[in-house]
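Engineer: My questions concern the predicted model and sequence given below.
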Amino acid sequence: MERAAWDARVKLNSEETNELLEHSRLVFEQLDSIPESELDTLQATCYGHSQPNTVREDTEEASLPLSLSLGNAPDADESCFRVPRIIEE
Amino acid sequence: MQNMETVVGLEVHVELFTTTKLFCGCSTAFGAEPNSQVCPTCLGLPGGTLPRLNQRAVEYTIEAALALNCRIAEKITFDRKNYFYADLPKGYQISQFFSPMGTGGYVEINLDGKIKKIGIHQIHLEEDTGKLFHAGDDILTSAYSRVDFNRAGVPLIEIVTEPDIRSAEEARLFLQRLRSILRYIDISDCKMEEGSMRCDANVSIRAAEGSALGDKTELKNMNSFRSVYKGIEYEVERQSGVLKEGGKVIPETRHWDESKGITTAMRSKFVSADYRCFPDPNLPPLETPAEWVEKIKEKIPELPSSRSRRFIDDYGLPPYDAEVLTVSRGLADYYESVLRYHRDPKAASNWIMSELLRLLNAAGLEVDECKIQPEALGKLLKMIGDEVISGKIAKTVLEEMFASGEDPEAIVERKGLVQISDESALEEIISRVLENNPKSVEDYNQGKKKAMGFLVGQVMKETGGKANPQKVNELLKEKLDG
Amino acid sequence: MNLRDITAAELTAQVTNDSGLLKPVSESLYDLHEKGRDLNVFISFDKQHLEQETAALAARLARGERPSLAGIPAVLADNICTVFYPTTCASKMLAEYRPPFSARLVESLQQKGALITGKTNMEEFGLGCSGNSSHYGVAKNPWEAERTAGSGAAAAVSTSSALLAFATDTVGELRQSASFCGVLAIRPSYGRISRSGVIDYASSMEQVGVAARTTTDLALALEAAAGPDPRDPTSLKAEAPPYASLLESGEGKLKAAVPESWDRTSGLEDGVKDCFQSELEQIKAMGIEVDFVELKHFREAPLAAAVISAVEAFSNLANMDGVRFGCRGSAASLQEMYTVSRSEAFSSKLKKFIGFGALVSSEKYYRKHFLKSQRMRTRIKDELAACLEEYDLLLTPTTPFAAPLAGGSLDAFHLLDPANFYTAAPALAGLPALTFPVYTDDGLPAGLQLIGETGDETALLRASLRLEKGRSPLKFPEPGSM
C-alpha cells in the first residue's frame, strides 16, 4: 500500500491507509468470490464502445502563445516551466 | 574464462519526419523558442488531453516495419505507461505495449562479405518527452531545472532487436544499416548527434555460445555511432573483468561517459519501476486493412541490401563498391543516373567513391546538394573514356565542376585541356625533350629503366599535362629502343 | 420573469420574439442565484458575465439570427472547461486553473444561443456524489438543506437557477444527483457528446449528460449538445438524431424488463422500494408490459466499475503534478514536490481512490483484479445487450436511497459506493440511461431509471414523455424557502 501511494504520489496518514486497506480487502474478497473460470475466455473491455479509432491529417494547427502555455504555471521564467531539483538528496 | 561470447540487443529510438506531433497539430520543427510549439494536448492541460492520432506517423511506422521485414499488427492500439517525471506532461506516456505495430522482422548486415541477419523483436510508435535544462553544471548539482515541452508528443518509433548482436562492430554495422534503411524510406534523418536517433544497448556476456545468458546491463547516453561502439566495447571489457575476478555482473542501468570513456551505474529509488501499462481508453483500436498496408508497401523503394546485390549482379561491381554506393538512396540514385549517360559501371564507381565522395565529405555536403549533375559526371567519364582528356586533367576538371557546377566540356574547351593524342605533335615534343635530356637518354640506354619515367614526366610538363600518357609511353619507347 | 413554470422551448420563442425580455431573464437568474447562495450550488457565477452574454445574444437576435437555444439559462459542472470562468473541478488543485480553451460542448451551446450563467459545484473531479470532497463544501439539496444535492448541476435545475444543466456521469453521478434533486437527466450513449474540453477521471466510462425539468427540454438540450466531434477520438461518428422533432409519447407497444435482483441490495431504503413497486404498477396500467428477467451479472457492475474507474483515475489525474498548472507545495526535490502538492491539494477521498487505483493496477493485482474486472465488464455488457434485444427498456430505481444526509456522510469514502448499484451497469456498457423523478411517501424525490439500447436515446426520451404525460406535473422546491 505504501508503494501504491508513492506510485500515485499521494501521502496517506495511518488512518487513511487503514481505511483504504479495509476497503481494498472488501473489494478483493468480492472479486475473488466471482469464479475466474467463467471469465477466462472473455476479451477484456478497455474502451467505452466498439467504434474504431480515426486518424487526423498531418497538417499544422496553431500552438498556444507563450502567455497562455505558461499562464497557469506555478513557477516559470520567460520561456520555460521550472521544477525543483530532480535528484533526491 | 575462455571463449566469452558477447550478447547485445539494441533499443533504437527514431524521431519521425512528420509535420505535426503524434496526437496534436503542433509543429515538430527544431530550433523554435522553448514552449512555443505546445497546446493543451501536448502540455497535458486538464480537459485538453484527448489524443488525435496523426495518420502520417502511423503510415511511417508501418512503412518502417515493412522495410524491417516485420509482420504488421491487425489493429493498432496504444497503451499508457504511467510514471511521474518533469519532462512527461500527462503523467503517462502513450506507447504501444501490448500490441506493437510490427514484430518478427530482421535486418541484414554485411560482415566481411558474409550476410548476417539481426532479428527485430518489435517496432512500435510512441510519443517523445519534453526537454530538461538543468541550472548549474549538471543534474546532480542544479538547484532547479527548466522544462521545454516542444519535443513532447513528437512521434518516435522504437526498434527493439533480438539479442543477436555479437560485438561492438556488429552493433555499429547494424545501426548504419538501420539508418540507411530508414533514410531510404525517408521517414527520419536519423542523426544521433542531434537526437533524432538514439540508441540504448543491453549488454551481457556468457561463457560459450548457446549457454545461459549472463546478467545484462543497459547502457544509455551514447550519442554517436562511435560512442555506441566504444560503450559496448568498454562494457564487455568491464563485465569480463568482473567475472574474471569471480564477481557477478549487477543488472543495472549504466551511463556512458563520453569524455572519460567509461560507464557508470545510475541510481534509482525503487529497484524496478511498475509502469502499470494499460490500454489507453481514449484511443480505441484502429484497423489496418490489407489494402492500406499494401498501398504503403508500394511506396517502399528498393532497399540497400537488395540494391547492393543488384549492383553486384547487374554492374559487376565488387561487393565493397556496391555496399558503399548503396549506403544512401541519394548516392545509389546518383550512381545509376550517371550510368544512364555513360555506361561504364566500374569507372563510375571509382570516380564517385574516390573523387566525388572525397569532395563531398570535405565540403560537408550530401550528394543531393552536389552541384555536379549526374549528366555532367557522365560526360566527364565519357571524355576520359574517349581519351579526350586524361584522368589527371579530369580530376582538376571535376574539382572545378564541383565548385562552379559548370559543364565539363565547357571547362575543357575554355581551358584548352583537350588531351594531345596526335602523334606528330607528340613526336615533335618528344624529340625536343630527348635533345634537352641527353643524360637521361644515356641512363636509359645503360639499362636504367627508371629514366623512362622521368622523360614521360618531362613530356607531360611540356604539354601542361595534356599529353595522352599512354601515347607518350609508346612513342618514347619506340624512339629510345628504335 | 418567472422561470419556474416555463419550458425552454417557450422561453426561446418569447425571447426571440422580444429580445427585451433578456433583461428580466438575466435579472431573475441573478435573484435566484442570490436567494440560493446558502445551497452552495455555484462555484462561479458572475453577473457581469451574464450581462455580456445577454448583450451578445440580443445583438445576434437583432441581426436576425434565430439560434435554437436563444436565451435559455444553462449551467455547467465545473469540470467542463470555459475560457470565461475558472474550471476548478471543485478541487483545491485547480482552484486557480484558467483553461486557455472552452469545451466543444460550450462552443456548441454558445453558438446555439444558450446563456451559460455559471459553473456548478460537484464532488472533487466529479467522483461520486454522496461524499463531501468538494473544495467549496457540499452542495445542499434544495428539498432539504441538510441532505446533499449530489451535484450543483441538478440542484440548479431543481431551483430554476437554470433550465438546463450539463455535467458528467461516470458511474452514475449525474443520474444520482438528478434523482436526489427530483429532476430529469439523461446520460446518452458513450461518445454521443464530445468529451473535448471535459476534465474526466475515467475516460472509458465518462459521458456528459444533461439535466432538465421536462422531457422536451431534455430532448432539446441533448440535440444541441450531441454529435460527432473530430477533436474527440471516441466521439460517435454517426450524426445524432434530431431528438426534439422525433419526440412523441406514442401509445405503441412497449416491453420493459426489470432485473429480478433489483431489490437485493442492502442499501435499499423502504421508501424507494415501495415507490419503485408502485411505479411499476402505474407503468403496467399505462399499457407497458413489464417482465422480471434474470440478469445474473447486473449486481457485479459496481465492483467492476470501482476497479476500472479507480485505475483510470490514477492515470487520468497524473497530470495534476504542480508543474504546468495547479497547486504546488513546497519541496526540495521534484518527486517530493509531486507528493506534497497532490497530498495538499487533493481531498482525502480522492487520495484514497487513486491510491486504490495504483494498488489494483500494480503488478501483483493487475491480472488478478484489474483484468478480471475488464472481463466482468464484457460479460455485463453482453448480458445487457442480449436483454435489450428482447426488451425496449430496462427499468430500475436510479438510486437505492433518497438524498443522503450531508452531515452524516462527511468525508464518506466508499470504494463500493452503494449509490452505484443501479447506475454502474449502463455506464460500463456505454448505454444511454435516463432518470425520471418520482417521490417517496416522505415526499422526497427519488428516481426511476430507464436504460436503452446503445445509440437509441430517442426511445428513452419517448418513454420518458409517456411517463410524464401520464401523471400530475412534477414538483419543485420553492427557491429560498429553506
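Structural biologist: Right, received. Where do you want to start? In this text, all values refer to a predicted model and were calculated from it rather than measured experimentally.
Engineer: Show me how chain B divides into domains.
Structural biologist: Per the record, chain B has its domains at B:5-295, B:302-415, B:423-481, by automatic domain parsing.
Engineer: out of these, which comes closest to C:Leu29?
Structural biologist: For those, distance to C:Leu29 was read as Cβ to Cβ. The smallest value, 25.3 Å, belongs to domain B:5-295. Just so you know, the C-beta spots here come from the backbone N, C-alpha and C atoms, and that holds for glycine as well.
Engineer: Now do the closest one: distance from first to last residue.
Structural biologist: 43 Å (Cα to Cα, to the nearest Å).
Engineer: Quick one: distance of that domain to the chain centre.
Structural biologist: Its chain's C-alpha centre and that of domain B:5-295 lie 18 Å apart, by Cα atoms, centre = their mean, to the nearest Å.
Engineer: Stretch C:215-232 too?
Structural biologist: 14 Å.
Engineer: Let me see the ranges of the helices in the stretch 351-482 of chain B.
Structural biologist: Taking DSSP state H, counting those that start in this stretch, the helices of the stretch 351-482 of chain B run over residues B:357-363, B:374-385, B:391-404, B:408-415, B:423-436, B:438-445, B:450-462, B:469-481.
Engineer: For the shortest one, output the C-alpha coordinates as PDB.
Structural biologist: Extracted in PDB, the C-alpha atoms of helix B:357-363 (Å, rounded to 0.1, in the frame of the first residue of the first chain):
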ATOM      1  CA  LEU B 357      32.800  11.400 -52.100                       C
ATOM      2  CA  ARG B 358      36.100  13.000 -51.100                       C
ATOM      3  CA  LEU B 359      35.000  16.400 -52.300                       C
ATOM      4  CA  LEU B 360      31.500  16.000 -50.700                       C
ATOM      5  CA  ASN B 361      33.000  15.000 -47.400                       C
ATOM      6  CA  ALA B 362      35.400  17.800 -47.400                       C
ATOM      7  CA  ALA B 363      32.600  20.300 -48.100                       C
END
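Engineer: How confident was the prediction at residue 64?
Structural biologist: No chain in the question, so chain A it is. On pLDDT, A:Leu64 comes in at 97.
Engineer: actually it's chain B I care about, not the one you picked
Structural biologist: 98.
Engineer: returning to what we had before: could the domains of chain B go into a markdown table alongside mean neighbour count and distance to chain A?
Structural biologist: Below are the domains of chain B laid out as a markdown table (neighbours: other Cβ atoms under 10 Å in any protein chain shown; distance: least, Cβ to the nearest Cβ, whole Å):
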| stretch | mean neighbour count | distance to chain A |
| --- | --- | --- |
| domain B:5-295 | 19 | 3 |
| domain B:302-415 | 18 | 22 |
| domain B:423-481 | 15 | 55 |
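Engineer: before we move on, which element is B:Ala332 in?
Structural biologist: helix B:329-341 (DSSP states H and E).
Engineer: Return the list of helices and strands in contact with that helix.
Structural biologist: helix B:304-315, helix B:319-325, helix B:345-350, helix B:374-385 (3 or more Cβ pairs under 8 Å, 6 or more residues apart in numbering or on different chains; DSSP states H and E).
Engineer: Using JSON lines, lay out the helices of the stretch 351-482 of chain B together with mean pLDDT.
Structural biologist: Below are these laid out as JSON lines (pLDDT from 0 to 100):
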{"stretch": "helix B:357-363", "mean pLDDT": "93"}
{"stretch": "helix B:374-385", "mean pLDDT": "93"}
{"stretch": "helix B:391-404", "mean pLDDT": "91"}
{"stretch": "helix B:408-415", "mean pLDDT": "87"}
{"stretch": "helix B:423-436", "mean pLDDT": "87"}
{"stretch": "helix B:438-445", "mean pLDDT": "88"}
{"stretch": "helix B:450-462", "mean pLDDT": "87"}
{"stretch": "helix B:469-481", "mean pLDDT": "85"}
